[in-house]
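A.B. asks: sequence isn't available, so here's the structure alone:
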């Protein structure tokens, strides 16, 4: 039969340029007309997102393990090693609940697919990894794994329409006969057979946000830090600020200079410079504050 919504949906998902959102809407029409509520629930979750979906109904193909990374202001994104596989799995294994349209947009518009962790989780990881104490902790997901969600949805739709066809349920236009509707209700349409579910309690569910992570690398070493200190010191001496504030700023600079000589961590030095920048802004030393902001890119 040439005019069949079921066969049309098969053709849609076989097309390399398939509009998966349109295909899911077509599947919703089929489910509604055949009273296939379980399948229709899955279709609506894909269209609208799985935020309110119970764990035991969550598709296994939407469970993705990412990699913990820290946003180092000097060298870009770097891996975070916890040396605790159980904790790392708990943090990095995630249920991805975004709607299918959001997933497509994330993959197409971003260099990386990133989930920013809640502040309490960042604090926990910072306490375990001193080297990353001042860095933003994120989970970076492989773009290929996120994009594969779309392919898995296509596969589910294809297998489902093939099962409908095998059961003699193809429809004419947008209509189904009473015999087809009866066959659909009596047919084995167990949705788990099409996509499988998961019940991993530890898998956390957070909606991914559109975060574009810069790939640029900012070179930073102790010599640069020393240069910042000297430039800021000269600017402070030229700025018209209160003598008390000037003295306080110079004392902070001396402390930072001592930290550089002692080869303290870059993160510690950066934190001190940021604190000095904020102090200089409040004291009215805008030129000196601008030097820190420009050099560190903050």
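C.D. replies: Cool, got the structure. Here the structure is a predicted model, which means the values were calculated and not measured.

A.B. asks: how's this protein carved up into domains?
C.D. replies: Using automatic domain parsing, the domain ranges for the chain come out as 5-60+147-198, 61-144, 222-296.

A.B. asks: in a markdown table: those, plus mean pLDDT and mean neighbour count.
C.D. replies: (Glycine included, C-beta is placed from N, CA and C.) Formatted as a markdown table, the entries for those read as follows, by pLDDT from 0 to 100; neighbours: other CB atoms under 10 Å:
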| stretch | mean pLDDT | mean neighbour count |
| --- | --- | --- |
| domain 5-60+147-198 | 89 | 17 |
| domain 61-144 | 81 | 17 |
| domain 222-296 | 80 | 16 |
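
A.B. asks: where along this protein do the strands fall?
C.D. replies: All strands of the chain, identified by DSSP state E, fall at 58-59, 63-65, 67-72, 76-79, 93-95, 113-116, 136-141, 197-198, 204-205.

A.B. asks: looking at those strands, which is closest to residue 162?
C.D. replies: Between residue 162 and the strands of the chain, the shortest separation by CB to CB is 18.8 Å, and it involves strand 58-59.

A.B. asks: partner strands of that closest one and their direction?
C.D. replies: Sheet pairing for strand 58-59, assigned by DSSP bridges, gives strand 197-198 (antiparallel).

A.B. asks: how about the strands of the chain in TSV, adding distance to residue 229?
C.D. replies: Output for the strands of the chain, formatted as TSV (distance: least, CB to CB, whole Å):
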stretch	distance to residue 229
strand 58-59	53
strand 63-65	43
strand 67-72	21
strand 76-79	24
strand 93-95	42
strand 113-116	32
strand 136-141	25
strand 197-198	54
strand 204-205	43
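
A.B. asks: out of those strands, which comes closest to residue 275?
C.D. replies: The minimum distance between residue 275 and these falls on strand 136-141, with 17.5 Å, by CB to CB.

A.B. asks: and the angle for that closest one with strand 67-72?
C.D. replies: Compare the direction of strand 136-141 with that of strand 67-72 by axes from the mean of the first three to the mean of the last three CA atoms, to 10 degrees and you get 140 degrees.

A.B. asks: chain center to strand 136-141: distance?
C.D. replies: Averaging C-alpha coordinates over strand 136-141 and over its chain gives two centres that are 8 Å apart (CA atoms, centre = their mean, to the nearest Å).

A.B. asks: partner strands of that strand and their direction?
C.D. replies: Strand 136-141 has its sheet partners listed here by DSSP bridges as strand 67-72 (antiparallel), strand 113-116 (antiparallel).

A.B. asks: switch those over to a markdown table; also include distance to residue 48.
C.D. replies: Converted to a markdown table, the strands paired with strand 136-141 look like this (distance: least, CB to CB, whole Å):
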| stretch | distance to residue 48 |
| --- | --- |
| strand 67-72 | 28 |
| strand 113-116 | 20 |
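
A.B. asks: quick one: closest of those to residue 225.
C.D. replies: Nearest to residue 225 among the strands paired with strand 136-141 is strand 67-72; the distance by CB to CB comes to 15.0 Å.

A.B. asks: contact partners of the closest one?
C.D. replies: Residues from elsewhere that reach strand 67-72 (CB atoms under 8 Å, 6 or more residues apart in numbering): 77-80, 82, 88, 91-92, 125, 129, 132, 135-141, 213.
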